[in-house]
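K.L.:
Here is a sequence together with a model predicted from it:
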Amino acid sequence: MAEYLRCYCCSGTIHAVCEDYRAAADIDLEMDEADDKAGQKIAAPLLALWGAKGVVGQLWNVLDTWRSKATSVTGKALDCGHLLQEERPEEVLAELRQFFRK
């Protein structure tokens with residue numbers, strides 16, 4: 001918690017987070033649509049992890065969603081909510097280590 005407080009007391013951090021959210025609701029969608037129309041997909045292997053107790057897996061089939069955007073997709077839901085790295089750090093690390101061994 002102390003590290004979050006340290007970082008979020010910096011106006012530059014707050015600005016960057018807000019810009020990331022803005023992009024996700026605007027330019028990112030436009031760029032995704034252009035890539036879809038051009039038939040472009042992410043060529044690098046993609047690991048998708050999400051929290052089983054969060055809304056992402058309830059609203060979307062996460063792997064199918066990413067498979068429409070990338071050529072090589074693996075992943076799974078972890079038994080946690082939205083902040084995987086906070087709630088299941090060891091499991092996230094194990095998944096990342098396995099993924100980068102490929």
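P.N.:
Structure's in. What do you need? Numbers count the residues shown, from 1 in each chain.
K.L.:
domains of the chain?
P.N.:
The chain resolves into domains spanning 1-40, 41-102 when parsed by automatic domain parsing.
K.L.:
can you tell me how far residue 39 sits from residue 23?
P.N.:
23 Å (C-beta to C-beta, to the nearest Å). From N, CA and C alone the C-beta is placed, and that goes for glycine too.
K.L.:
give me the number of residues near residue 92?
P.N.:
Residue 92: 16 surrounding residues under other C-beta atoms under 10 Å.
K.L.:
ok, now the one 5 residues further on?
P.N.:
Here the number of neighbours of residue 97 (other C-beta under 10 Å) works out to 9.
K.L.:
repeat for residue 23
P.N.:
13.
K.L.:
With the one 10 residues further on instead?
P.N.:
By other C-beta under 10 Å, the residues close to residue 33 number 10.
K.L.:
Work out for me the element it sits within.
P.N.:
Taking DSSP states H and E as the criterion, residue 33 maps to helix 27-38.
K.L.:
Give me the residues contacting that helix.
P.N.:
With contact meaning C-beta atoms under 8 Å, 6 or more residues apart in numbering, helix 27-38 is reached by 41, 69.
K.L.:
CA atoms of that helix as CSV?
P.N.:
The C-alpha coordinates for helix 27-38 follow below in CSV (Å, rounded to 0.1, in the frame of the first residue of the first chain):
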residue,chain,number,x,y,z
ILE,A,27,-7.5,6.0,-29.9
ASP,A,28,-6.9,2.3,-28.9
LEU,A,29,-10.4,1.4,-30.2
GLU,A,30,-9.7,3.2,-33.5
MET,A,31,-6.4,1.5,-33.9
ASP,A,32,-7.8,-1.9,-33.1
GLU,A,33,-10.6,-1.3,-35.7
ALA,A,34,-8.0,-0.3,-38.3
ASP,A,35,-6.0,-3.5,-37.6
ASP,A,36,-9.1,-5.6,-37.8
LYS,A,37,-10.1,-4.1,-41.1
ALA,A,38,-6.5,-4.7,-42.4
